[in-house]
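# my questions are about this predicted structure, shown below with the sequence.
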Amino acid sequence: MTNIVPPPPLLKVEHLKVYFPILGGVFRRPVGEVKAVDDVSFTVNRGQTVGLVGESGSGKTTIGRAIIRLTQPTAGVISYQDKAISKLDSAAFRPYRKKIQIIFQDPYNSLNPRFSIFEIIGEALEIHFPAMTRADRRERVAGLLDKVGLKRDHLDRYPHEFSGGQRQRVGIARALAVNPEFIVCDEPVSALDVSVQAQIVNLLQDLQEELGLTYLFIAHDLAVVEHISDYVLVMNQGKIVEAASAEAIYENPQHDYTRKLLSAVPKL
Amino acid sequence: MNSISLSQETYTQRLWRHFHADKFALNGLRIVILLFIVAALAPFLANSHALIRVADGHVSFPIFLSLEPIEWRFLLYVPLAGLVYFFRHRFIAHPGIFILAVIGFIAAVEIFLALTHPINDPTNDRDRPASFKLLPPIPYSPIESTPDQFSPPTWKHLCGTDSTGRDIAARMLHGARTSLSIGFVAQSIALTIGIALGGLAGYYRSWLDIGICRFIEVMDCFPPLLFILVAISLFESQNNMFYIMAVIGLTSWTGVARLVRGEFLRLSSLPFTLAAKAIGANDFRIIVRHLLPNALGPILVAGTFGVASAILIESSLSFLGFGMQAPTPSWGDILSDARRYIDFAWWLAFFPGLAILITIMSYNFVGEGLRDAVDPRLKMK
Amino acid sequence: MTMPLLQVENLGIHFGPTVDPVKAVDGISFSMQAGETLAVVGESGSGKSVTALALTRLLASPPARYVSGSIAFEGRDVLQLREGELRSLRGKQIAYIFQEPGSSLNPVFTIGYQIREAIELHRPEVRDVTAEIVHALDTVGIRNPASRLGDYPHQLSGGMQQRVMIAMALACQPKLLVADEPTTALDVTIQKQIMDLLKDLKRTSNMSILLITHNFGLVAGFADRVVVMFRGKIVETGPTAQVLQNPQHPYTKALIECVPKLGQKQHRLKVIDYAGIQ
């Protein structure tokens, strides 16, 4: 035992609940609710990758969206560096938009088809650094493209000119534009070919080492999650059924559902 | 599938390429543009004043005496807008001088119009002696009664004359301005209201959406023509052109609003909108930069069809006698006159009917071409 | 040796301009015996889906151009058939299941109605169509099938929708089932169920299955033989076990290696080195 007090976790989720009302009738009154996330708690330490694995409808995407405030939690507290961020108003949350970013699953719908690559990646800079000149922004975006393995002459191209894997790289560059600390990776490789999936997973790991990023990696494929994560949360029907290190999940799964996920991974 | 269609063209270029390949749409657009040019130049094409007149050694341009203030404004402000657009980059560099110049020009025009108009100039150059005169192609003004009543189409009166001897060709050319501008302005009003309300409903959802949707349903319960007739009879004293435009616009926005609401509902749940929220874009930015440009295709299609239906509504109103006031020519008005003499004066109904048919068809072809061009399924073809 | 069920010879399919076209499929040849299960593996853009659609000329021409070769199904060249003959080939002889089960089913009709339509179209001799539908749904592992006939597609999950698609394909008793990325849009747990179902069907019927996939992980333990496609060409073909254990072509090797494996945590996943592939 050491006497060193461990640093506080970067992100702490406590008793998070997200319920969606089911609306009905002419005036669309709530007639019931869906418990998408039902009392979930976990922490993510700086520099770590925490994997969140489960099937569609398990609530894993909702957790990611609640963290980045695309969905309002029904109850519970989300803290970032020991500060509760889930109840801040949108102006107070604004600084956290620079610290917490997100990468989406669908490479075809996650980029505005009417924007050039420069506009897509540069928009966050325009919003958060209004003093930056256009030339500076172009320079910064070109640097980001280089980081994610795209070329400078892609700047003025449009999303439809790119393959799924390249689009996902653009999505990653957009998330990196504001120098975030924490990135919610919402099924970033689920829609990609396995060959492209490997490239994107490696890119995310390279970027993590280079920039000291922290990831919440959401996926339904335990093989990918086990590869990239330090710690794995298994989710089923809105609840976390098992939480353990990546090795322990594979070597000694405790919950039936985890075993089911493990057995679903295709074996070569 | 997607890898095959990778190309470098932007959305607008693709839209134009598909539109261009559609011969009906392209010709429809050509006709619409031609109609607008004809309408804009109507006073120079059909007028009893000479374009150029030389008499007693004096050269004069009597046609300018016949222009109404609104025609002067159109003639001077459209080129002004063109100039401002052309020099917009210098405008950004020297906004002060630029604004001053524009305001000065407008002030000069307005003062000139206020001092010189109204001009009551009944002169008729057609019959006045002169050593040289150049008359417009149709040398009659639309409100002028000639002695030839019920003249069938002849070389003198290309489309014949009506019961008071007014030249139908002249009335048609000037009527085009009424019909086209009503279609355009009324639909602009409808689009503005429709985009604003539909956008708010689709983006903010919840109670705002419920309220706006119920409002649209209530509006849609009334037959539009009935609605318009009631509105017009309430303000009977003021049924000028702008009033008709406003009434048509205010009653025909519901379709656009539904469409925009649907598009915004769809677009605002797409990941790229979520991504914009995640990087901290505010609502205004998301609506104006992300949602509207992506919804523009379908809005444009609806707007084009809407113009056609606004022109039809105006014609119906004029036909029923609720349209423009007497001297102002409009196609529906000529048609309305034709009703009484249809058994012998076929040309009174034929020409305005044909003009309405061609205009509506052209607009519909343009609309259909646009609809096909914005259809995302085309990407696969 | 008997005549193969399907024999593709030197098939070439181009898109785009005639000068410098996109050669989506560039002179490929392969064959399938009756009852055999063949997997075509390749990345997006390799031409594997184009090949699958070409088997019944589902790929419209234009824009596609069938520039060379032949597709012989039971000895008849599909590329020479008339439209009417093609319609009796599609569904009845060669049935498809696609990646998106949700958009392959018509949302306004019940699943019972949609399967009934397929049976009535292709097997007019069937007397008791309802029993046949129930049987088909039972075969694909839908519990209590008689009570599900009135369900609409949106009432079913993605995995169930794909089962219905398979049931619809099976109801016509095709000789060849083409499964074009049947599990790509599904969760891995559902993917396993669907693949297990296809394995069962393979065992219990004499139907041939052509599996189109980008994931070598699905091929092992399923396909008898594998065809690996890269940029419109076949780079390797052979019995599955042999290809997996001893891939000859560097591309095949890379494609096998990039599949993440449980319990073998590497520092980085293997990626395909395109520069090293000729």
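On my side now, so go ahead.
# mind checking the SS state of residue 30?
Unless you meant another one, I'm taking chain A. Under DSSP: H, G, I helix; E, B strand; the rest coil, the three-state class of residue A:30 is strand.
# that's the other chain; I wanted chain C
Three-state assignment for residue C:30 (three-state DSSP): strand.
# ok, what's across the strand from it?
Here residue C:30 sits in beta bridges with residue C:8, going by DSSP bridges.
# same question for residue C:212.
With DSSP bridges applied, residue C:212 shows beta-bridge pairing to residue C:40, residue C:180.
# now do the strands in the stretch 151-278 of chain C.
Chain-ordered strands for the stretch 151-278 of chain C, with DSSP state E, counting those that start in this stretch as the definition, fall at C:176-180, C:208-213, C:225-230, C:233-239.
# okay if I get those strands as CSV plus mean pLDDT and mean neighbour count?
(Each C-beta comes from the backbone N, C-alpha and C, glycine too.) Formatted as CSV, the strands of the stretch 151-278 of chain C follow (pLDDT from 0 to 100; neighbours: other CB atoms under 10 Å in any protein chain shown):
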stretch, mean pLDDT, mean neighbour count
strand C:176-180, 90, 24
strand C:208-213, 92, 24
strand C:225-230, 93, 24
strand C:233-239, 91, 18
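# distance to residue C:16 added to these, as a markdown table?
Conversion of these to a markdown table gives the following (distance: least, CB to CB, whole Å):
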| stretch | distance to residue C:16 |
| --- | --- |
| strand C:176-180 | 22 |
| strand C:208-213 | 22 |
| strand C:225-230 | 19 |
| strand C:233-239 | 18 |
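# any idea how far the closest residue to residue A:227 other than its chain neighbours is from residue C:153?
Distances taken as CB to CB, 6 or more residues apart in numbering or on different chains put residue C:260 closest to residue A:227, at 4.9 Å, once the chain neighbours are dropped. Residue C:260 sits 32 Å away from residue C:153, going by CB to CB, to the nearest Å.
# quick check: the residue nearest to residue A:227 touching residue C:268?
No: Residue C:260 lies out of contact with residue C:268 (CB atoms under 8 Å); the separation is 10.8 Å.
# between these two, which one's more packed in?
Shown here are residue C:260 and residue C:268; by other CB atoms under 10 Å in any protein chain shown, residue C:260 has more neighbours (26 against 12).
# now do the same contact list for that one.
Applying CB atoms under 8 Å, 6 or more residues apart in numbering or on different chains to residue C:260 gives the contacts A:194, A:197-198, A:201, A:221, A:223-224, A:226-227, C:269.
# residue C:146 touches residue C:131, doesn't it?
No: contact criterion CB under 8 Å: residue C:146 and residue C:131 do not qualify, at 9.4 Å.
# check the secondary structure at residue A:173 for me.
Criterion first, three-state DSSP; result for residue A:173: helix.
# and it, how far from residue A:38?
Distance, residue A:173 to residue A:38, by CB to CB: 35 Å.
# the two - which one has more neighbours?
Using other CB under 10 Å as the criterion, residue A:173 and residue A:38 rank with residue A:173 on top: 25 against 18.
# look up the closest residue to the more buried one, ignoring the ones flanking it.
Residue A:173 sits nearest to residue A:144 (CB to CB, 6+ apart), 4.2 Å away.
# count the residues that sit near that neighbour.
22.
# which helix or which strand is home to it?
According to DSSP states H and E, residue A:144 maps onto helix A:134-147.
# contact partners of that helix?
Helix A:134-147 is contacted from outside by A:117-118, A:121-122, A:125-126, A:132, A:151-152, A:154-155, A:173, A:176-177, A:207, A:210, using CB under 8 Å, 6+ apart.
# tell me the one of those residues nearest chain B?
Nearest to chain B out of these is residue A:177 (CB to the nearest CB; 7.5 Å).
# the closest one and residue A:119 touch, don't they?
No: using CB under 8 Å, residue A:177 makes no contact with residue A:119, being 11.6 Å away.
# those two: which is more packed in?
Applying other CB under 10 Å to residue A:177 and residue A:119 shows that residue A:177 carries more neighbours, namely 24 against 17.
# for that one, what are its contacts?
A:121-122, A:124-125, A:140-141, A:144, B:279.
# now do 10 Å
A:98, A:101, A:120-129, A:137, A:140-141, A:144, B:279 (CB atoms under 10 Å, 6 or more residues apart in numbering or on different chains).
# is the residue nearest to it when sequence neighbours are not counted in a helix, a strand, or coil?
Nearest non-adjacent residue to residue A:177, counting by CB to CB, 6+ apart: residue A:124, 4.4 Å away. With three-state DSSP as the basis, the three-state label of residue A:124 is helix.
# cool, and residue B:155?
coil.
# look up how far residue B:349 lies from it.
Residue B:155 is 21 Å from residue B:349, by CB to CB.
# of these two, which one has the most company?
Neighbours per residue (other CB under 10 Å) separate residue B:155 from residue B:349, with residue B:349 holding more: 17 against 5.
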